[in-house]
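Asks: The following block contains a protein sequence and its predicted model.
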Amino acid sequence: MALSKIEGTADEAQAKAWCEAMMNIAYQGVKPCRRLKVLINPFGGKGRAGTIYNKIVEPIFRAAKCPVDATYTTHGKHATEIASTLDLVYDALVVVSGDGLVHEVMNGFAQHPQSARAFALPVAHVPAGSANATSLNILGTKDGVDCAAATLNAIKGRPMKVDLFLLTQGGKTAISTMTQALGLMAECDLGTDGWRWMGELRFMLGYLRGLMAFRPCALVVQVKVAETDKARMLRALEAIKGGAPQGEGHADGGQGHADAGTHGEGQAEGQGQGRPWSPVSPISDAGSPCRTTAVGSLPDLAQPVNQMDGWLTFDKPAMYLYAGKGPFVSRDLMQFPVSVPDDGYVDIVVQERRNRLEMVSGIEGAASGSQFWLESQHYFKATAYRVKCLETRGYFSVDGESFPFADFQVEVLKGLGTLLSPHGHYADDLTLSKYKRRAAASKWKRRTKS
Ligand SMILES: Nc1ncnc2c1ncn2[C@@H]1O[C@H](COP(=O)(O)OP(=O)(O)OP(=O)(O)O)[C@@H](O)[C@H]1O
């Protein structure tokens with residue numbers, strides 16, 4: 001980071017006023033010198049999080065005079081343990097890791113005795129894992145892999161509300177922060193864990209390996225659907241981005257939210273204590289990844305949903321199901337190009353099983369979201385969905401973490417999470433590649449007409 005020295009003559013009052021003006025320009029209403037809790041996962045990605053922290057992140061925090069309390073995670077789920085008992089005195093929690101630690105932190109918040117206050121604590125992600133989708137979505141594909149840019153976001157970003165997902169499986173619940181995947185896409189993540197040393201390349205190699213095998217993903221998906229028309233989804237996204245950016249019309253109003261002091265100050269009235277959902281007794285199965293104490297509003301999984309009640313059933317042969325939020329799941333794949341941080345919907349993609357050629361040709365343009373327009377790629381916006389697995393073995397990935405391969409359901413917890421963001425919306429989406437989008441949209445219309 002370059003430091004500049006400016007020389008001149010001024011009296012003390014003028015110098016003080018000048019310094020204040022400079023700080024206002026630099027921080028634009030954000031509170032300087034945030035007090036930060038930092039979690040570093042030395043195991044994530046290529047195992048470089050410690051080096052990244054020491055060489056890039058910590059010196060920037062020091063220069064910005066941020067008081068930092070840093071902890072290196074020593075085992076899986078350590079971040080959940082820390083977040084579940086965190087003293088809520090910090091202005092933000094920073095994770096130097098992959099997406100797995102963001103997932104663990106949010107699950108820790110769900111178990112916190114003051115979980116609503118914990119969820120209002122803004123989280124910032126410094127990319128030191130494999131996919132780093134959280135950072136890509138917040139900062140874009142260029143800055144999203146730049147640890148210095150991500151560190152500056154921790155110092156100066158504004159709180160942005162994001163939807164989280166409540167996953168119910170086998171009577172247990174967990175928070176998902178990003179994605180749920182079954183079939184090919186789960187296999188190219190969880191099935192390549194031993195290739196961590198490759199970084200994000202492992203996902204592409206896993207995808208190609210999966211295409212060779214071309215295993216079907218036998219499932220029935222039921223969706224509480226809000227939108228199925230792709231062109232309308234895109235128009236809705238454009239309307240949101242064309243209007244007031246979320247950051248401006250947001251709870252923080254661009255000022256006064258967590259930045260005004262500790263994170264608790266900006267939260268909704270009456271949510272300062274306790275949980276934002278009805279509490280149940282803690283589930284004590286320590287071996288299960290589903291251990292939060294939340295319950296949702298959906299009927300029990302065993303209970304059939306009413307077909308007349310806005311639920312849609314998809315049971316065609318599929319290659320994969322990918323559901324979640326945030327345009328990018330890795331730099332190579334913009335899987336949810338029309339997703340919005342806090343619209344209250346989960347974006348669901350079911351890739352119908354066609355032929356290998358179609359799947360291979362879809363790779364080109366996957367990074368700019370053009371797969372969205374594939375006729376074989378069914379895209380739903382929904383408030384909830386449930387999946388019945390028709391096989392007994394397979395991969396089920398939740399935010400890149402391995403979960404039991406069994407029936408599950410997901411519902412949206414609107415705006416429950418808080419991330420720091422410089423933009424107030426996802427940095428990149430389909431609206432940014434307009435030319436490609438128009439070409440693909442007209443192709444899609446021609447296809448669906450014929
Ligand atoms: N000290 C540790 N030793 C072993 N595992 C750890 C340790 N600290 C955290 N973990 C585990 O590391 C796993 C991977 O973490 P992380 O998400 O940060 O990296 P990644 O999977 O490479 O990146 P991404 O999720 O972006 O693909 C998590 O399941 C977490 O529980």
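Replies: Received the coordinates, thanks. The structure displayed is predicted, hence computed values, not measured ones.
Asks: Only the buried residues of stretch 112-129, if you could.
Replies: For stretch 112-129, the neighbour count (16 or more other CB atoms under 10 Å) marks 112, 114-129 as buried. Any C-beta I mention is one placed from the backbone N, CA and C, and that applies to glycine too.
Asks: check these against the ligand, which are close?
Replies: Subset of those in contact with the ligand: Gly129, counting by CB under 6 Å from any ligand atom.
Asks: Of the buried residues of stretch 112-129, which belong to helices?
Replies: Among the buried residues of stretch 112-129, the ones falling in helices (DSSP state H) are Ser115, Ala116, Arg117, Ala118, Phe119.
Asks: from these, which is closest to the ligand?
Replies: Among those, Ala118 lies closest to the ligand (CB to the nearest ligand atom), at 18.8 Å.
Asks: how far away is that closest one from Val126?
Replies: 20 Å (CB to CB, to the nearest Å).
Asks: Phi first, then psi, for the residue minimising distance to the centre of the chain.
Replies: Taking CA atoms, centre = their mean, the centroid of the chain lies closest to Met178, which sits 3.8 Å from it. For Met178, the backbone dihedrals (degrees, to the nearest 10) come out as phi -140, psi -70.
Asks: still on that earlier bit, any chance of the ones in helices among the buried residues of stretch 112-129 in TSV, with pLDDT and distance to Gly415 too?
Replies: What follows is these, written out as TSV (pLDDT from 0 to 100; distance: CB to CB, whole Å):
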residue	pLDDT	distance to Gly415
Ser115	95	14
Ala116	95	12
Arg117	97	15
Ala118	97	15
Phe119	97	9
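Asks: now the residues you listed in JSON lines, with distance to Ile60?
Replies: Formatted as JSON lines, those follow (distance: CB to CB, whole Å):
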{"residue": "Ser115", "distance to Ile60": "30"}
{"residue": "Ala116", "distance to Ile60": "31"}
{"residue": "Arg117", "distance to Ile60": "27"}
{"residue": "Ala118", "distance to Ile60": "26"}
{"residue": "Phe119", "distance to Ile60": "26"}
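Asks: and which of those is nearest Leu430?
Replies: Using CB to CB, Phe119 comes nearest to Leu430 of those, at 28.6 Å.
Asks: Could you pull up the residues touching that closest one?
Replies: Met106, Phe109, Ala110, Leu164, Pro276, Leu416, Gly417, Thr418 (CB atoms under 8 Å, 6 or more residues apart in numbering).
Asks: and if you look at Arg48?
Replies: Arg48 neighbours (CB under 8 Å, 6+ apart): Ala128.
Asks: At which residues are the strands of the stretch 151-300 of the chain located?
Replies: Here the stretch 151-300 of the chain has its strands, by DSSP state E, counting those that start in this stretch, at 158-169, 172-176, 179-183, 219-227.
Asks: can you pull the pLDDT of the nearest residue to Ala49 once chain neighbours are set aside?
Replies: Leaving aside its chain neighbours, Ala49 sits nearest to Ala128 (3.8 Å; criterion: CB to CB, 6 or more residues apart in numbering). pLDDT, Ala128: 96.
Asks: so Ala128 touches Asp99, yeah?
Replies: No - at 10.8 Å, Ala128 and Asp99 do not qualify as touching, with contact defined as CB atoms under 8 Å.
Asks: Kindly state the pLDDT recorded for Ser4?
Replies: pLDDT for Ser4: 67.
Asks: quick one: contacts for Met198?
Replies: Met198 sits in contact with Thr192, Leu205, where contact means CB under 8 Å, 6+ apart.
Asks: and it, how far is that from the ligand?
Replies: Using CB to the nearest ligand atom, to the nearest Å, one gets 11 Å for the distance from Met198 to the ligand.
Asks: swap in Val89?
Replies: Applying CB to the nearest ligand atom to Val89 and the ligand gives a distance of 24 Å.
Asks: Likewise for Pro337?
Replies: The gap separating Pro337 from the ligand is 19 Å, by CB to the nearest ligand atom.
Asks: in the stretch 101-250 of the chain, what residue is nearest the ligand?
Replies: Closest point on the stretch 101-250 of the chain to the ligand, by CB to the nearest ligand atom, is Gly129, at 2.4 Å.
Asks: Nearest spatial neighbour of that residue, chain-adjacent residues omitted?
Replies: Gly98 (1.6 Å).
Asks: What of Trp311?
Replies: Using CB to CB, 6+ apart and skipping residues adjacent in sequence, the residue nearest Trp311 is Val305, 4.6 Å away.
Asks: Pretty sure Lys388 is one of the things that neighbour touches, is it not?
Replies: No - in this structure, Val305 is not within contact of Lys388 by CB under 8 Å, at 11.3 Å.
Asks: Looking at these two, which one has more neighbours?
Replies: A direct count of neighbours by other CB atoms under 10 Å for Val305 and Lys388 places Val305 higher, at 19 against 16.
Asks: Give me the pLDDT for the more buried one.
Replies: 73.
Asks: Please report how far it lies from Gln409.
Replies: 9 Å.
Asks: any residues in contact with both of those two?
Replies: Counting by CB under 8 Å, 6+ apart, the residues touching both Val305 and Gln409 are Arg386.
Asks: contacting residues for the closest residue to the ligand within the chain?
Replies: Proximity to the ligand, evaluated over the chain using CB to the nearest ligand atom, is greatest for Gly98 at 1.9 Å. Going by CB under 8 Å, 6+ apart, Gly98 touches Asn41, Gly44, Gly45, Pro127, Ala128, Gly129, Ser130, Ala131, Asn132, Gly400.
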